[in-house]
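**Student:** A structural model of the following input is requested.
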Amino acid sequence: MRSHYCGQLNKSLVDQEVTLCGWVNKRRDLGGLIFIDMRDREGVVQAVIDPDETAIFDAANKLRNEFCISITGIVRARPDSQVNKDMATGEVELYVKDLTILNASAPLPLDFNQENSEEARLRYRYLDLRRPVMNQRLQFRSKVTSAVRRFLDDNAFLDIETPILTKATPEGARDYLVPSRTHKGQFFALPQSPQLFKQLLMVAGFDRYYQIVKCFRDEDLRADRQPEFTQIDIETTFMSGKDVMSLTEKMVRSVFNELLSVDLGEFPSMTYAEAMRRFGSDKPDLRNPLELVDVADILKDVDFKVFSGPANDEKGRVAVINVPGGASMTRKNIDGYTEFVGKYGAKGMAWIKVNDVAAGLEGLQSPIVKFLNAEVAAQILERTNAKDGDILLFGSDTYNTVTDALGALRLKLGEDFGLVEDKWAPLWVVDFPMFEELESGALTPLHHPFTAPSNMTPAELAANPVNAISDAYDMVLNGCELGGGSVRIHNQDMQAEVFKLLGISDEEAKEKFGFLLDALQYGAPPHAGLAFGLDRMVMLMVGADSIRDVMAFPKTSTAACPLTSAPGFANEEQLADLGIQVVAKEVPAAE
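**Tutor:** Sure thing, here's the model as predicted:
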């Protein structure tokens, strides 16, 4: 039906006849002439309807925004005085010779010129996606997936699909369960990732695998999470973790260079311990210059138990953030930040305004200064590199509480004080702990239970699991985890020991992972991989605030779809086929 897209018209087509199909973006009636801004996926072009073309002019009078139309006309160059530099097609216009209304539009439930609620945008997503910004984001997403595929294809990777209906396995989040009609009372699970299947593909000898695949996790949502999301999944055999990091770094650098003309450069590397110590996060945003500075050793003997207690506790931490120019904060500002860190478990926040470094203790302003002596004050100022006009904000509590609270505060301060640099800041975070220790003393894997420890035998791991380091690595960009991966366990004895440390019995391991454990017996090769969040990558590249704005049909923050009203209730016949009965929860009677 069309010969060209609207956005393709330019001066090289002047005097040629073209046919366009699309939507009315705007209609302007200037009395003698009618101007139509016509839009399709490639852009907008101005069409001109002359009143001498009576039938066309009458049809154009009926047009309203979002009518679907077809236009045939002659491309004309605009006079220099009428060139629109804000439009890619602004040097030309289309003199209309034929106009067909393909479909009228009812009054729009969305206002394309104002902000609409997210509920309305998702309810009428097919209209929301017509907005140029959304159209461009989804086109860009398509280009990202194409660039990724080209890179991996060129590097001998095979695109292999893995099952969507599979077995429920504990991988860190709740599974979405699918009841089986043919096996009543039994359930499939939607995969949280293709983790076990891609490991089996490595055992099968496919060497280099990739898949751009849907994953499903029934967990609480936030800006960069959805119940279903897309993963660039990569697995290799006979490659070390460093080999995988090198190759996938090249892939990401290639995509950014090709699509944004951005050279990310060589990625620096930082250990998990250093990231948590300096930035309070395992995905630090290096565009923000603020850091956490440990001062417990300086404050062990002060007569202020808020400091000295955690300073003398091996599980405690006392750290400080120096905010340049922060002494201008009002007490109301400080109280606001104190309330903020309270959300992360902090019981309060001590502070010191640095009015005059040269004056030492006398140049400091704070209710806690009376607990410090000149030597302690001088050491704090030196370690934090404090200058006149700065403010020092302290966290003093358990190690995790201080790290979490100040890590979050660091990000907020960076935004509030305009300290975040406008640049790309990639990073590899490595040497993660193998396990986290819960308050109960039980261990849980920091990544997943198939991650290999770094340079340890099963016996060595069993002897000191709390201090074990995993052979894992995360790629971080601007404070967002782009992807995470690890060397996998390919030895059955090591896998059995990890399950044992996690409290998974032999019977439970065999029931849940028996097929993997069996496969490891048959010459399983060393293998390693990494999975990227495609949605997060595109979100960062286009500058969106949420992955919902780079997905065609996302869910709300409550995992619902306003467009289709999903999830919904099943009828009795469907439930009977599945052998399921929905029982209303009894509400206790009021006493």
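
**Student:** distance of the closest residue in space to residue 399 that isn't next to it in sequence from residue 311?
**Tutor:** What sits nearest to residue 399 in space, not counting adjacent residues and going by C-beta to C-beta, 6 or more residues apart in numbering, is residue 317, at 4.2 Å. (C-beta placed from N, C-alpha, C; glycine too.) Distance from residue 317 to residue 311, counting by C-beta to C-beta, to the nearest Å: 9 Å.

**Student:** overlap of the contact sets of these two?
**Tutor:** 296, 396 (C-beta atoms under 8 Å, 6 or more residues apart in numbering).

**Student:** before we move on, the earlier item: the residue nearest to residue 399 looks like it's in a strand, true?
**Tutor:** Yes - using DSSP: H, G, I helix; E, B strand; the rest coil, the assignment for residue 317 is a strand.

**Student:** partners of it in the sheet?
**Tutor:** For residue 317, the beta-bridge partners are residue 397 (DSSP bridges).

**Student:** for it, which residues are in contact?
**Tutor:** Applying C-beta under 8 Å, 6+ apart, we find residue 317 in contact with 294, 296, 310, 395-399, 401-403.

**Student:** and what of residue 134?
**Tutor:** 128, 549.

**Student:** how about 10 Å then?
**Tutor:** For residue 134, the contacting residues are 121, 125, 127-128, 544, 549-550, 552, by C-beta atoms under 10 Å, 6 or more residues apart in numbering.

**Student:** scan these and report the most crowded one.
**Tutor:** residue 550 (24 neighbours; other C-beta atoms under 10 Å).

**Student:** so that residue sits against residue 137, correct?
**Tutor:** Yes - Residue 550 is within contact range of residue 137, at 5.2 Å (criterion: C-beta atoms under 10 Å).

**Student:** shared neighbours of these two, anything?
**Tutor:** Shared contacts of residue 550 and residue 137, defined by C-beta under 10 Å, 6+ apart, are found at 538-539, 541-542, 544.

**Student:** what residues sit buried inside the longest helix anywhere in the chain?
**Tutor:** Using DSSP state H to define each element, the chain has its longest helix at helix 132-154. Burial within helix 132-154, assessed by neighbour count using 16 or more other C-beta atoms under 10 Å, is assigned to 134-135, 137-138, 141, 144-145, 147-148, 151-152.

**Student:** chain center to it, what's the gap?
**Tutor:** Offset of helix 132-154 from its chain centre (C-alpha atoms, centre = their mean, to the nearest Å): 16 Å.

**Student:** mean confidence for it?
**Tutor:** Averaged across helix 132-154, pLDDT comes to 97.

**Student:** do stretch 454-469 as well
**Tutor:** Computed over stretch 454-469, the average pLDDT equals 94.

**Student:** in PDB, could you pull the C-alpha coordinates for that stretch?
**Tutor:** Taking C-alpha atoms only, stretch 454-469 is exported to PDB below (Å, rounded to 0.1, in the frame of the first residue of the first chain):
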ATOM      1  CA  SER A 454      37.200 -20.100  43.700                       C
ATOM      2  CA  ASN A 455      40.200 -22.500  44.000                       C
ATOM      3  CA  MET A 456      38.900 -24.800  46.700                       C
ATOM      4  CA  THR A 457      38.300 -28.500  47.000                       C
ATOM      5  CA  PRO A 458      35.100 -29.900  48.500                       C
ATOM      6  CA  ALA A 459      36.900 -30.600  51.800                       C
ATOM      7  CA  GLU A 460      38.300 -27.100  52.000                       C
ATOM      8  CA  LEU A 461      34.900 -25.600  51.300                       C
ATOM      9  CA  ALA A 462      33.300 -27.800  54.000                       C
ATOM     10  CA  ALA A 463      36.000 -26.700  56.500                       C
ATOM     11  CA  ASN A 464      35.500 -22.900  56.000                       C
ATOM     12  CA  PRO A 465      32.300 -22.100  54.100                       C
ATOM     13  CA  VAL A 466      31.600 -18.700  55.600                       C
ATOM     14  CA  ASN A 467      34.900 -17.300  54.200                       C
ATOM     15  CA  ALA A 468      34.700 -19.000  50.800                       C
ATOM     16  CA  ILE A 469      34.900 -16.800  47.700                       C
END
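
**Student:** quick one, phi psi at the residue lying closest to residue 562 once chain neighbours are set aside?
**Tutor:** For residue 562, ignoring the flanking residues on the chain, the nearest one in space by C-beta to C-beta, 6+ apart is residue 123 at 4.1 Å. The phi and psi values for residue 123, taken as degrees, to the nearest 10, are phi -60, psi -40.

**Student:** how near is residue 123 to residue 565?
**Tutor:** According to C-beta to C-beta, residue 123 and residue 565 sit 9 Å apart.

**Student:** which one of these two has more residues nearby?
**Tutor:** Legend: neighbour count by other C-beta under 10 Å for residue 123 and residue 565, higher for residue 123 (20 against 9).

**Student:** what separates the more buried one from residue 545, distance-wise?
**Tutor:** Distance from residue 123 to residue 545, counting by C-beta to C-beta: 20 Å.

**Student:** with residue 12 instead?
**Tutor:** 38 Å.

**Student:** output the longest helix of the chain as CSV - backbone C-alpha positions only.
**Tutor:** Listed next in CSV are the C-alpha coordinates belonging to helix 132-154 (Å, rounded to 0.1, in the frame of the first residue of the first chain):
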residue,chain,number,x,y,z
PRO,A,132,7.2,8.7,19.0
VAL,A,133,9.3,8.2,22.2
MET,A,134,7.8,4.8,22.8
ASN,A,135,8.0,3.8,19.1
GLN,A,136,11.7,4.8,19.0
ARG,A,137,12.5,2.9,22.2
LEU,A,138,11.0,-0.3,20.9
GLN,A,139,12.8,0.1,17.6
PHE,A,140,16.0,0.7,19.4
ARG,A,141,15.4,-2.5,21.5
SER,A,142,15.1,-4.4,18.3
LYS,A,143,18.4,-3.0,17.1
VAL,A,144,20.1,-4.1,20.4
THR,A,145,18.9,-7.7,20.1
SER,A,146,20.1,-7.7,16.5
ALA,A,147,23.5,-6.4,17.4
VAL,A,148,23.8,-9.0,20.2
ARG,A,149,22.9,-11.8,17.9
ARG,A,150,25.4,-10.7,15.3
PHE,A,151,28.2,-10.5,17.8
LEU,A,152,27.4,-13.9,19.3
ASP,A,153,26.8,-15.6,15.9
ASP,A,154,30.2,-14.2,14.7
